[in-house]
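J.: My questions are about this predicted structure, shown below with the sequence.
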Amino acid sequence: MHTAQHAAREPAFLPFTVAAARAATAVPADPPALARAQVVRRHAEAADDAAADCWTALLAGCNTPARRVLPTKLRELTEATSLYVGSHCWYGTGSPHRGRVTDAEARIIDAVRDSDGAEFAEAFAGYDQAVATAVTSVRGRTSTSA
C-alpha cells in the first residue's frame, strides 16, 4: 500500500497520475465510473512502486525481477486508463491520449532494456504527464456536460 511514509523514502515517478487518480476517486460519480477510477488508482500506485523498485535496480546495475515487472505494471495502468477514459476518447480521431501514453510507455521499456537511467527518468516524466492528462480529461468532460 502506498503511504506517506512509503512515498517519503522512495522517489515518485507518477506523482501527477497518482494525484489525478486519487482525485477521480474522490469525485461523486455513478458506481461504474467510480469503480473504473479506483482501478486506475490501484494501478497507478502499483506502477509507481514498480518504477521506484526498477529505478533502484537500474542505479545498482542489477537485472532484478523489478526490471521485468515494470512493463507489465505500465501496461496494466495504460489499459486501466483507456477503460476509464472511454473508447471514444482513447481511440477517436484527434485524441492525443493513446498515442502520447503508449509512446512514453515504449520509451520507458526501451530505457529499462538499455539500462539508461536518464532516458528512464525523462520518459517517466512524459508518461506521468500523458496519463494524468488523460485521467483529468474525464473530469473535464463530465463537468462540462452536466
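T.: Perfect, I can see it now.

J.: count of residues packed around residue 11?
T.: 13 (other C-beta atoms under 10 Å). Yep, even glycine has a C-beta here, placed from its N, CA and C like the rest.

J.: so how far is residue 127 from it?
T.: In this view, residue 11 and residue 127 are 14 Å apart by C-beta to C-beta, to the nearest Å.

J.: buried stuff in stretch 35-42?
T.: By 16 or more other C-beta atoms under 10 Å, the buried positions in stretch 35-42 come out as 36-37, 39-42.

J.: And those, which is closest to residue 64?
T.: Residue 64 has its nearest neighbour among the buried residues of stretch 35-42 in residue 42, at 22.9 Å by C-beta to C-beta.

J.: Could you tell me how far that closest one is located from residue 121?
T.: Taken as C-beta to C-beta, the span from residue 42 to residue 121 is 24 Å.

J.: circling back: out of the buried residues of stretch 35-42, which is nearest to residue 50?
T.: Nearest member of these to residue 50, counting by C-beta to C-beta, is residue 42, at 12.4 Å.

J.: Ranking helices and strands of the protein by mean pLDDT, which lands last?
T.: helix 4-9 (a mean of 48; mean pLDDT, DSSP states H and E).

J.: Name the residues that touch the helix or strand that comes right after that one?
T.: Using DSSP states H and E, the next helix or strand after helix 4-9 towards the C-terminus is helix 15-26. The contact list for helix 15-26, computed with C-beta atoms under 8 Å, 6 or more residues apart in numbering, reads 2, 12, 34, 37-38, 40-41, 44-45, 47-48, 77, 84, 127-129, 131-132, 135-136, 138-139.

J.: Narrow those residues to just the buried residues.
T.: Applying 16+ other C-beta under 10 Å to the contacts of helix 15-26 flags 2, 12, 37, 40-41, 44-45, 47-48, 77, 84, 127-129, 131-132, 135-136, 138 as buried.

J.: got the angle for the one helix or strand residue 69 maps to vs helix 15-26?
T.: In the assignment (DSSP H and E), residue 69 maps to helix 65-85. The directions of helix 65-85 and helix 15-26 differ by 50 degrees, with axes from the mean of the first three to the mean of the last three C-alpha atoms, to 10 degrees as the criterion.
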